[in-house]
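> sequence? don't have it. structure:
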């Protein structure tokens, strides 16, 4: 998960770096919140419901793990600061969390699993877009699969996130200040439940009409 995208800027600016610090911490916190949600809520659910919740969280975790590493590889570690103190912190951070990064990389197919299974319609784009379900390739991916795997991944992400939050607190606060400016000017969105109900009923009525039309044609 360290191939650089050709869609990112050739030069990572200071603003890009501040954004990346925020993204790394935001993604990490989101995933850790999901872990707590799965542990706390999952106990109250029936088996089938618990498995459904686990599937959703597992998928979200793998998608966000790819995003986290894209941030690190494409922005965070690519930033070249004019300030030696910042450069020193970036190098120290990378050195500190490298064991966690290497351990996540031991699952070699997370990025391809995200692309082929989670984001691109369950089709293998390197094998004539074959269905990963109907070709029995779903289990061939080297990704976190068991609850134990997921727990290990959560802990590795926690290390990457918490160290970033501690070492780049200044940049994170700067990002939060930028975010707060937008929140202060955000306009509230007003929705009418009655209007939304009418909207969906219009769609359902039209679908039912077409079903009846189809059935009538079949009976002729």
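Right, received. Where do you want to start? All of these numbers come straight from a predicted model, not from anything done at the bench.

> Grab the most central residue of the chain for me.
With distances taken as Cα atoms, centre = their mean, residue 64 lies nearest the centre of the chain, 2.1 Å away.

> Now do that one against residue 33, distance only.
For residue 64, the distance to residue 33 (Cβ to Cβ, to the nearest Å) stands at 11 Å. For glycine as for every other residue, the C-beta is placed from the backbone atoms N, C-alpha and C.

> Can you show me the strands along this protein?
Secondary structure of the chain by DSSP state E: the strands cover 123-124, 130-131.

> of all these, which lies closest to residue 100?
Proximity to residue 100 (Cβ to Cβ) singles out strand 123-124 among the strands of the chain, at 29.1 Å.

> Could you pull up the mean pLDDT of the lengthiest helix in the chain?
Counting by DSSP state H, the longest helix found in the chain is helix 14-42. Averaging pLDDT along helix 14-42 gives 92.

> before we move on, what about stretch 46-64?
For stretch 46-64, mean pLDDT rounds to 88.

> Just the buried residues of that stretch, please?
53, 57-58, 61-64 (16 or more other Cβ atoms under 10 Å).

> follow-up on the earlier one: quick one, which of the strands of the chain gets closest to residue 182.
Distance to residue 182, taken as Cβ to Cβ, is lowest for strand 123-124 among the strands of the chain, at 37.2 Å.

> Arrange the buried residues of stretch 46-64 in CSV, one row each, with distance to residue 199 as further columns.
Formatted as CSV, the buried residues of stretch 46-64 follow (distance: Cβ to Cβ, whole Å):
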residue, distance to residue 199
53, 29
57, 31
58, 33
61, 34
62, 34
63, 30
64, 32
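
> OK, contacts around the closest residue to residue 147 other than its chain neighbours?
Spatial nearest neighbour of residue 147, excluding adjacent residues (Cβ to Cβ, 6 or more residues apart in numbering): residue 54 at 7.5 Å. By Cβ atoms under 8 Å, 6 or more residues apart in numbering, the contact set of residue 54 is 38, 42, 147.

> Recalculate using a threshold of 10 Å.
38, 42, 45, 147, 150 (Cβ atoms under 10 Å, 6 or more residues apart in numbering).

> Can you tell me which helix or strand of the protein has the lowest average pLDDT?
When the helices and strands of the chain are compared on mean pLDDT, DSSP states H and E, strand 123-124 comes out lowest with a mean of 80.

> so what strands line up beside it?
In the sheet, strand 123-124 lines up against strand 130-131 (antiparallel) (DSSP bridges).

> Give me the contact list for stretch 91-106.
Here stretch 91-106 has contacts from 1-2, 24, 65, 68-69, 72-73, 76-77, 110, 142, 144, 152-153, 155-164, 166-168, using Cβ under 10 Å, 6+ apart.

> what's around the nearest residue to residue 143 once chain neighbours are set aside, how many residues?
The shortest distance from residue 143 to any residue other than its chain neighbours is 4.7 Å, reached at residue 113 (Cβ to Cβ, 6+ apart). If you count neighbours by other Cβ atoms under 10 Å, residue 113 ends up with 23.

> List the buried residues for stretch 151-163?
By 16+ other Cβ under 10 Å, the buried positions in stretch 151-163 come out as 152-154, 156-161, 163.

> among those residues, which two are most distant?
Using Cβ to Cβ, the buried residues of stretch 151-163 reach their maximum pairwise distance at 152 and 163, which is 17.2 Å.
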